[in-house]
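Trainee: return a 3D structure for these sequence lines:
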Amino acid sequence: MQKYIYLSLLIFFSFTGASGQTISSLVRYTIKPIPAGDRTNLEILVRYRADSSDFGKILLPTDRFGTPDIHRFVTSFEGEGGTVVKAGKKDLERLVKPANDGTATIRYVLSYDNESLKNYPYSPNTGPDYFHVAGCQWLLHIGDDKTKHKFSVEIVGAPKAWKLYSSISPKAADFGTTASYEDLSSTGIGGGAKSHSFLIKQRPVSVFVHGKFDIPDKEIAKAAERIVRSQREWFKDHTQSFFTIVIAPRGGVVAGYAPDNAFFCFTRTDVNREELNLLLAHELFHAWLPNKISIQQDKKYSDIRYEWFYEGFTDYFARKILLEAKLITPERYIELLNKDIQNIADNPHRAETYDEFMLAAKEGRFDGVYKKLSYHRGALIALNWDMRMRRGGKVDLSDFIRTLYFLLQDSGGKITEEAFFDFSRSSGVDAQADLERYTMRGEPIGILPDAPVKGFQPAEVEYPLFDAGFSLEESRKTKKISGVVENGAAYRAGLRDGMEFVSAANANRFSNSWRADQPSVVVARTGQDERRFEFFPRDSSIKLRLFSRAK
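Mentor: This next block holds a predicted model:
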């Protein structure tokens, strides 16, 4: 099943990694990538001066991106130059005694198996002609994770055809930095045989395509270049000193996250052009919203309160810029807006208030269905603001965002909530009122009778509402079919409570792989036999205003 995962949906798995050994000098890492059949192994040498001459505890890599027990991929771990290494009490612990001069020298090898990591989108990603790892996936825990140290990192011995990258420095092969382990945990380094580099205002941008995709590598790289150029020109912002985009294969997902100076994308190999371009355009737009346009609200509120702005407006502008760059058609642009309207109509939380969202988070019920509602709400608010501003004839929403960006350059990209409200009113919209209505009270968002693209118009249509007809998530958890609605679509197809749940396809409305034109399929076991139940999950309809070609 395909998944879309963006940075804002990413849950970093925290780990308190303070080790028993402390550092009193520069920590030097030397990394040698070694291609080996179906992967690239990393042989790493680390040197540092310990504060104590006795054994001190350090920890093997621990992945903050959700890969369980990542230390199991450490295939060797040895002391050199008089350094003694012993096993600790736990699997990921090692006891290290430095040499007589106080220097600890350790050589270890990481051998990551893509097959066993395929269900973890952000896990290490290697092949015979490339490697990519986040900081937490190769760094050792030496000393306290929150204490800043001086680091030196050198990548040596890579095949001659490879180019290297680091989100920390444009000089990926040999760089230094002062940072803590936590600072470095979400950074990324890597290299590979396929890359495309270009300059924008004399500032380097590199696109790495790892593995083999259905889309030709050159097309991926050229589309990424067009998006980067379009967005920077759109904002007239060329201050990014260097930037790296990485596209790496990962089965079943379209995922990505953006540390400083980079965007790392992990996606299934049959991803289509539009899916990939939408992900790139969305995540790269975050370089401005919220990185350079950030609303400072009262600390009593959650960040969820402004996700309609940070994520929904980003969706709206990502599509708008793709349309201007001719990377999507006007028809597809309108179809994506219609999907926002339809997604809200089908979302079971569409009328919930901010307080109800917070309660769901407190009780552990806040999932992707809750989170994506802010995206869809925000995109429709953006549409209405755009149309309202255009009616005024002076500015549109693009002018609004660009002007706001320019105004905030001297304040570090930050604006108070009251100042944001005032700025919106001066532009002909009321952000405070819309925040109260649509986020705080969960009111429905009506669409203005205007169209964002010439030749289209809104019209009222009958829309079949999604109704799974049974409790999919509960059935998956318990392995028993439950919650079947009597005389609903699933019931009419023959599904019954108590059957043994085997699998389901096209049954999760809120997965991006869901197809409205295809039936849901549930496989259940009755006795010794497996049965396949097919049905269209809809039993009622609602009138929605959707956009279509003007007649």
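Trainee: outside of stretch 317-328, which residues touch it?
Mentor: 223, 226-227, 230-231, 234, 273-274, 277-278, 281-282, 285, 289, 329-330, 333, 336-337, 382, 398, 401, 453 (C-beta atoms under 8 Å, 6 or more residues apart in numbering). Any C-beta I mention is one placed from the backbone N, CA and C, and that applies to glycine too.
Trainee: just the buried subset of the residues you listed, please.
Mentor: Buried by 16 or more other C-beta atoms under 10 Å: 223, 226-227, 230-231, 234, 277-278, 281-282, 285, 289, 333, 336-337, 382, 398, 401, 453, out of the contacts of stretch 317-328.
Trainee: can you list which of the residues you listed are found in helices?
Mentor: Among these, the residues falling in helices (DSSP state H) are 223, 226-227, 230-231, 234, 277-278, 281-282, 285, 333, 336-337, 382, 398, 401.
Trainee: so which helix or strand takes in the closest residue to Gly190 other than its chain neighbours?
Mentor: Closest residue in space to Gly190, ignoring its immediate chain neighbours: His132 at 3.7 Å, by C-beta to C-beta, 6 or more residues apart in numbering. His132 belongs to strand 130-134 when assigned by DSSP states H and E.
Trainee: any idea how far that strand is from the middle of the chain?
Mentor: Per C-alpha atoms, centre = their mean, to the nearest Å, the displacement of strand 130-134 from the mean C-alpha position of its chain is 17 Å.
Trainee: again with stretch 167-181
Mentor: For stretch 167-181, the distance to the chain centre is 23 Å (C-alpha atoms, centre = their mean).
Trainee: contact partners for the residue nearest to Arg229 when sequence neighbours are not counted?
Mentor: Using C-beta to C-beta, 6+ apart and skipping the chain neighbours, the partner closest in space to Arg229 is Ile200 (6.2 Å). With contact set as C-beta under 8 Å, 6+ apart, Ile200 has these partners: 228-229, 232, 238.
Trainee: need the residues you listed in JSON lines (columns: pLDDT, distance to Leu26 and neighbour count).
Mentor: What follows is the contacts of Ile200, written out as JSON lines (pLDDT from 0 to 100; distance: C-beta to C-beta, whole Å; neighbours: other C-beta atoms under 10 Å):
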{"residue": "Val228", "pLDDT": "96", "distance to Leu26": "35", "neighbour count": "22"}
{"residue": "Arg229", "pLDDT": "96", "distance to Leu26": "39", "neighbour count": "14"}
{"residue": "Arg232", "pLDDT": "96", "distance to Leu26": "36", "neighbour count": "21"}
{"residue": "His238", "pLDDT": "94", "distance to Leu26": "34", "neighbour count": "12"}
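Trainee: of the residues you listed, closest to Arg437?
Mentor: Closest approach between these and Arg437, by C-beta to C-beta: Arg232, at 34.5 Å.
Trainee: can you show me the helices along the stretch 151-300 of the chain?
Mentor: Remark: helices assigned in the stretch 151-300 of the chain by DSSP state H, counting those that start in this stretch are 181-184, 217-235, 273-285.
Trainee: now the ones you listed in TSV, with distance to Arg72?
Mentor: TSV is the format used below for the helices of the stretch 151-300 of the chain (distance: least, C-beta to C-beta, whole Å):
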stretch	distance to Arg72
helix 181-184	20
helix 217-235	32
helix 273-285	30
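Trainee: list just the one of those that sits closest to Ala419.
Mentor: helix 217-235 (20.0 Å).
Trainee: tell me the angle the closest one makes with helix 273-285.
Mentor: 40 degrees (axes from the mean of the first three to the mean of the last three C-alpha atoms, to 10 degrees).
Trainee: what is helix 217-235 packed up against?
Mentor: The contact analysis (3 or more C-beta pairs under 8 Å, 6 or more residues apart in numbering; DSSP states H and E) places helix 217-235 against strand 195-200, strand 203-209, strand 243-249, helix 273-285, helix 313-324, helix 397-407.
Trainee: from the chain's centroid, how far away is the helix or strand just after the last one?
Mentor: Looking back up the chat, that one is helix 397-407. Counting by DSSP H and E, the next helix or strand C-terminal to helix 397-407 is strand 414-416. Put simply, strand 414-416 sits 25 Å off its chain's centre (C-alpha atoms, centre = their mean).
Trainee: show me what strand 414-416 pairs with in its sheet, parallel or antiparallel.
Mentor: When pairs are called by DSSP bridges, strand 414-416 turns out to pair with strand 294-296 (parallel).
Trainee: who touches the strand it pairs with?
Mentor: Contacts of strand 294-296 (C-beta under 8 Å, 6+ apart): 306, 309, 413-417, 420.
Trainee: outline the domain layout of the chain.
Mentor: For the chain, automatic domain parsing gives the domain ranges 3-196, 288-447, 462-543.
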